[in-house]
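Chemist: What follows is a predicted protein model with its sequence.
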Amino acid sequence: MMRQYFRARSTVFGALALFVLAACSSADDEALAPQCPHIVIVKDTSELTAFRPGPGRDLTDVVLDARIDRFEGECVTDLESSRPVKVNVDLQMIFEATRGPASETRTGEFSFFVAIANRSGDILAKRVFDTEFEFEGNRNRIGGIEELTQEIPLRRGERGEDFDIFIGFQLDPEQLKYNQAKNVR
């Protein structure tokens, strides 16, 4: 039987006052329900710098800078006969995007991924999401939230805490190399 991991997705992107909260369950529920998966923003993919085509790679060549600022989330465990059968993780990824000097439009776009792994590090599911947004008026910096739900089916003996959820930008090899060089400094 194939496991289904990703469910509904909705998008909200615009100027927002942002805050962070990472909660899985109330204290009363902790005795009954397994813990939530551990959510990790992958360091080398937490930022995106998009350059205009060509060889230039200085500040004047930047079309878009974006970063995953933080996340919010909660999880709910579906219980059947006192045995958990799935964990639903509602995840809100909070992004910040800056229009670069080389941008010729008022719109931006990027792709990000969400991957679910077991504690051995084996990727069980990965999905890439695309998002588009507009820099309204004279704004060159915006924040936004991408929301989605992961549904992790549990087999006998598995708990939500047996999984990790990795999030980051879907980068091309050049963008990844650029980030890794920045992170070394």
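Modeler: On my side now, so go ahead.
Chemist: mind listing what the spatially most central residue of the chain touches?
Modeler: Note on the chain: the residue nearest the mean C-alpha position is residue 167, at 3.8 Å, using CA atoms, centre = their mean. The neighbours of residue 167, taking CB atoms under 8 Å, 6 or more residues apart in numbering as the test, are 39-42, 68, 71, 91, 93, 112-115. C-beta coordinates here come from the backbone N, C-alpha and C atoms, glycine included.
Chemist: would it count as being in a strand?
Modeler: Yes: under DSSP: H, G, I helix; E, B strand; the rest coil, residue 167 falls within a strand.
Chemist: pLDDT score assigned to it?
Modeler: pLDDT recorded at residue 167 is 96.
Chemist: what's the distance between it and residue 71?
Modeler: According to CB to CB, to the nearest Å, residue 167 stands 7 Å off from residue 71.
Chemist: and for these two, which residues touch both?
Modeler: With CB under 8 Å, 6+ apart, residue 167 and residue 71 have common neighbours 39, 41, 91, 93.
Chemist: Bridging across strands, which residues link to the second one?
Modeler: With DSSP bridges applied, residue 41 shows beta-bridge pairing to residue 167.
Chemist: Could you pull up the residues touching it?
Modeler: 68, 70-71, 167-168.
Chemist: And for residue 59, the neighbour number?
Modeler: For residue 59, the count of nearby residues is 11 (other CB atoms under 10 Å).
Chemist: what's the closest non-adjacent residue to it?
Modeler: In space, and not counting its chain neighbours, residue 59 is closest to residue 101: 6.8 Å by CB to CB, 6 or more residues apart in numbering.
Chemist: Touching, that neighbour and residue 64? I think so.
Modeler: No: Residue 101 is beyond contact range of residue 64, at 10.7 Å (criterion: CB atoms under 8 Å).
Chemist: who has more neighbours, those two?
Modeler: residue 64 (20 against 12).
Chemist: Could you list the buried residues of the helix or strand the more buried one falls within?
Modeler: Using DSSP states H and E, residue 64 sits in strand 62-80. Neighbour counts over strand 62-80 (16 or more other CB atoms under 10 Å) mark 62-77 as buried.
Chemist: for the protein, what spans make up the helices?
Modeler: 27-30, 173-184 (DSSP state H).
Chemist: so which of the ones you listed comes closest to residue 153?
Modeler: Ranking the helices of the chain by proximity to residue 153 (CB to CB) places helix 27-30 first, at 19.7 Å.
Chemist: quick one, what contacts the closest residue to residue 171 other than its chain neighbours?
Modeler: Closest residue to residue 171 apart from its sequence neighbours, by CB to CB, 6+ apart: residue 45 at 5.7 Å. Residues counted as contacts of residue 45 (CB under 8 Å, 6+ apart) are 113, 168-171, 176, 179.
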